[in-house]
Every structure is written in C-alpha cells, then in structure tokens.
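> Sequence and predicted model, in that order:
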Amino acid sequence: MGLKGVTGAIVVGLLAVGLESLVRVTDTPFYLTQLTMAAYYSLAALGLALLTGHAGQVSLAHAGFFAAGGYVSAVLVTRDLTPYAASGPVQWLDRLHLLSQRADAFGSMMLHVAPWPALLAALTVTALLAALIGVPVLRLRGHYLAMATLGAGSIIYQLVLGTRLFGEADGLSDVPPFPVLPGLEICGARSGRVGNYYVACGLLVLTLLLFANLMRSRAGRALRAIHGNEEAAAAMGIDTARAKLGVFVLSAVMAALAGALLTHYNGGIGPSEASVLKSVRYLAIVAVGGMSRFLGVTLASVALNFLSLRGYFGSYDDAVFGLILVAVMLFAPEGVGRIPLPFVRRRP
C-alpha cells in the first residue's frame with residue numbers, strides 16, 4: 001500500500017479525533033450528528049471519485065444507488081412478515097436465522113428481516129441494478145454517458161416517489177437501529193452520538209485504505225490506463241468493458257452502503273435522497289475535492305455536507321454551494337485536493 005494512501009487515512013483519522021475532542025471541549029456534541037451524516041455522504045462521494053477520477057466514467061445516477069441501498073434495507077426491516085409466517089419462504093428464512101422480532105410504533109410485535117441480511121440484500125440488489133444499467137450505458141462516453149446515467153437516476157427517483165411499497169412522497173420511517181457490536185448500534189440516539197461518529201469515520205478511513213490499495217494493484221493500473229486512453233488500453237490487452245463495469249458496480253455498492261447505514265442512523269429515508277440534484281451535488285463535490293484525490297474529496301465532502309446539514313446558509317444553500325464551486329474552478333481548477341501539502345509527497 002502506498003505512502004499517500006496511508007497518509008490520507010491517517011489525516012482523516014487524526015481530524016476525526018480532533019473534531020470530536022473539539023466538540024467535547026466546547027460542549028457542542030450536537031455537531032457530531034451532522035458530522036456523522038456528512039461522513040456517510042462522503043462514502044458515496046469516494047465511490048464516485050473512484051469511478052470518475054480514476055476510470056474517467058461520469059455518473060449522474062449515484063443518488064439513485066444511494067437511495068436504492070437505503071430503500072431496500074428499509075423495506076426489509078420494516079415490512080411485517082407476521083401474516084406470512086406460515087408460508088414456505090418465511091419459514092425458510094427463519095430456519096436460516098435471517099429474521100428477527102421487535103415491537104412496532106404501536107407496541108405490537110412484528111416479524112421482519114434482520115438488519116445484517118437486509119444490508120447484504122440491499123448491496124446485492126444495488127450491484128445487480130448497477131450491472132443492468134452499466135452494461136448498455138458504459139458503451140457511451142463523455143456527455144452521452146452523463147446523459148444516460150442521468151436518465152437512469154431519474155427513473156430510480158420516479159420509482160421511489162411513486163411506489164406505495166417505498167412510501168411514495170412520505171418515504172419510509174420507523175427503521176430500527178443497525179447492530180454493529182454488542183452495545184453499539186447505528187442509530188440517532190443521543191447516548192450513541194460518539195460511538196456512531198467513530199463508526200462512520202472508521203468506515204471512511206477503511207475506504208481510503210481500500211481504494212489506495214486498489215489503485216496500486218493491477219486493476220487500478222488498468223483503470224488509469226482506461227482513463228488516459230481507452231483505445232490504447234484495449235490495444236495493450238485490457239478488457240476495458242469488464243474493467244469499467246466492475247468499477248461502476250463497486251462505486252454503486254459504496255453509495256448503497258452509505259445509503260443503507262444512513263437510513264438506519266436517521267431512522268428513515270425520503271425520495272429526496274434519489275433526486276437528480278443530489279447526483280449533481282456528488283459530482284460537484286468530487287470536482288471540488290480534486291477528482292482522483294481521495295483525501296481531497298473526503299475533506300471537501302465532509303466540510304460542504306456539514307455546512308449544508310447545519311443549515312448555515314438557509315434557503316441560499318444551493319446558491320452558496322454554486323459560488324464555492326465557481327470559486328474553486330477559478331482559483332484551483334484541479335480541485336483543492338491538488339493543492340500541494342508539505343507532508344504529502346507527490347509522485348512526478
């Protein structure tokens with residue numbers, strides 16, 4: 001694993017500890033809620049940075065993949081299977097210990113899919129959805145690819161907005177906590193703020209290490225070759241179609257993981273998470289962070305999402321975000337992640 005990848009992970013880890021210490025000293029623990037949410041959104045941004053910054057494939061469907069992970073997981077853990085308890089499939093799931101019971105909002109016991117199997121199902125469904133979309137659209141390039149993925153994202157948004165199973169415009173609520181370890185659950189309870197914060201930041205650090213290791217592998221070199229010149233990469237024997245589809249699916253799964261965990265943290269999900277504007281925002285954050293610079297994308301995503309979630313700019317949030325994007329493109333056109341840092345060695 002390269003020094004740069006380890007350095008980025010260490011920087012994020014130290015910043016996470018420093019921010020938590022700062023809110024502890026200033027007695028502002030409520031900031032951890034927005035920082036935790038910003039960390040989950042940053043997982044989706046990192047997946048898009050891998051796809052766009054290193055493979056050169058533009059996607060405007062990542063909000064749809066984020067929502068797919070959240071919605072599939074939410075449906076499975078909130079759908080009461082008690083009326084179907086005698087059916088073969090439900091009994092089969094019960095024998096495999098994939099079901100659990102809990103009290104609903106009215107105090108009645110309900111039978112539903114357990115959170116861990118629901119998460120795996122959400123990631124699997126999203127991977128299949130990304131493969132279904134990726135096989136035809138990844139034949140395109142440039143703005144044609146962007147428009148095709150934009151259409152796919154719009155379809156996902158309309159499906160979650162108009163489908164009764166997904167709660168239509170109201171979305172889904174009463175999503176239970178996600179158990180991580182004994183005594184540690186992903187949820188929005190005040191008592192679990194610090195634990196949830198470090199779970200989200202820990203996932204960010206692990207993702208940075210994973211992606212840094214991936215880019216130094218044979219698969220990562222193939223992606224860089226495709227980004228540089230796809231025809232030349234194909235002439236060198238790289239299966240470009242397979243490589244592009246693989247990174248597209250991996251990027252979508254990262255977004256789905258973030259969506260599912262954030263849904264458990266918030267206790268629900270709404271159709272706005274699948275909106276096209278969200279996909280545009282993810283892509284803009286990646287551009288601000290420096291496209292292929294994972295550390296820059298992470299820091300830009302956490303900072304911008306935190307400011308947005310705190311509502312510092314009120315109804316002018318999108319306008320201020322646009323101004324920030326314009327300023328970065330004018331004064332740091334390659335992104336803030338490309339600004340040299342004294343402790344990070346750049347490759348020639």
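Perfect, thanks for sending it. Keep in mind that what you see is a predicted model, and the values were worked out from it rather than measured.
> Tell me where this structure is predicted with low confidence.
1-5, 337-348 (pLDDT under 70).
> what ranges do the strands span in it?
Using DSSP state E, the strands of the chain run over 99-103, 109-113, 178-181, 184-186.
> Can you list the strands that the last one pairs with?
Paired with strand 184-186 in the same sheet, following DSSP bridges, are strand 178-181 (antiparallel).
> Run the chain-centre distance for the partner strand.
19 Å (C-alpha atoms, centre = their mean, to the nearest Å).
> which residues sit against that strand?
Residues from elsewhere that reach strand 178-181 (C-beta atoms under 8 Å, 6 or more residues apart in numbering): 115, 116, 119, 185, 186, 187, 199, 261, 264, 265. C-beta here means a position set from N, CA and C on the backbone, and glycine is covered the same way.
> buried subset of these?
115, 119, 185, 186, 187, 199, 261, 264, 265 (16 or more other C-beta atoms under 10 Å).
> quick one: the closest residue in space to the fourth one that isn't next to it in sequence and residue 194, what's the gap?
When you say that, I think you mean residue 186. Among residues not flanking residue 186 along the chain, residue 178 sits closest, at 4.0 Å (C-beta to C-beta, 6 or more residues apart in numbering). Distance, residue 178 to residue 194, using C-beta to C-beta, to the nearest Å: 17 Å.
> out of these two, which sits in the more crowded spot?
It is residue 178, of residue 178 and residue 194, that has more neighbours when counted by other C-beta atoms under 10 Å, with 22 against 14.
> now the helices for the stretch 101-250 of the chain?
Assigned helices in the stretch 101-250 of the chain, in chain order: 115-137, 142-162, 193-215, 218-228, 230-235, 240-266 (criterion: DSSP state H, counting those that start in this stretch).
> Could you name the helices and strands sitting against the first one?
Put plainly, it is helix 115-137. helix 62-78, helix 142-162, strand 178-181, helix 240-266 (3 or more C-beta pairs under 8 Å, 6 or more residues apart in numbering; DSSP states H and E).
> Report the distance from it to the chain centre.
Per C-alpha atoms, centre = their mean, the centroid offset for helix 115-137 relative to its chain is 13 Å.
> quick one: buried residues of that helix?
With burial defined by 16+ other C-beta under 10 Å, the residues of helix 115-137 counted as buried are 115, 117-119, 121-123, 125-127, 129-130, 133-134, 137.
> cool, the shortest one as well?
In terms of neighbour count (16+ other C-beta under 10 Å), helix 230-235 has its buried residues at 230, 233.
> What is that helix packed up against?
Other helices and strands packing on helix 230-235, by 3+ C-beta pairs under 8 Å, 6+ apart, are helix 218-228, helix 240-266.
> mind checking how far the shortest one is from the chain centre?
Computed by C-alpha atoms, centre = their mean, the separation of helix 218-228 from the middle of its chain amounts to 23 Å.
> cool, the longest one as well?
Computed by C-alpha atoms, centre = their mean, the chain-centroid distance of helix 240-266 equals 7 Å.
> Give me the angle between it and helix 142-162.
30 degrees (axes from the mean of the first three to the mean of the last three C-alpha atoms, to 10 degrees).
> With the first one instead?
If you take the same axes, to 10 degrees, helix 218-228 sits at 110 degrees to helix 142-162.
> buried ones in helix 218-228?
Judged by neighbour count using 16+ other C-beta under 10 Å, the buried positions of helix 218-228 are 220, 222, 223, 225, 226, 227.
> what does the last one give?
Neighbour-count burial for helix 240-266 flags 240, 243-266 (criterion: 16+ other C-beta under 10 Å).
> Between helix 115-137 and it, find me the angle.
140 degrees.
> could you check the angle helix 193-215 makes with helix 240-266?
Here helix 240-266 runs at an angle of 180 degrees relative to helix 193-215 (the same axes, to 10 degrees).
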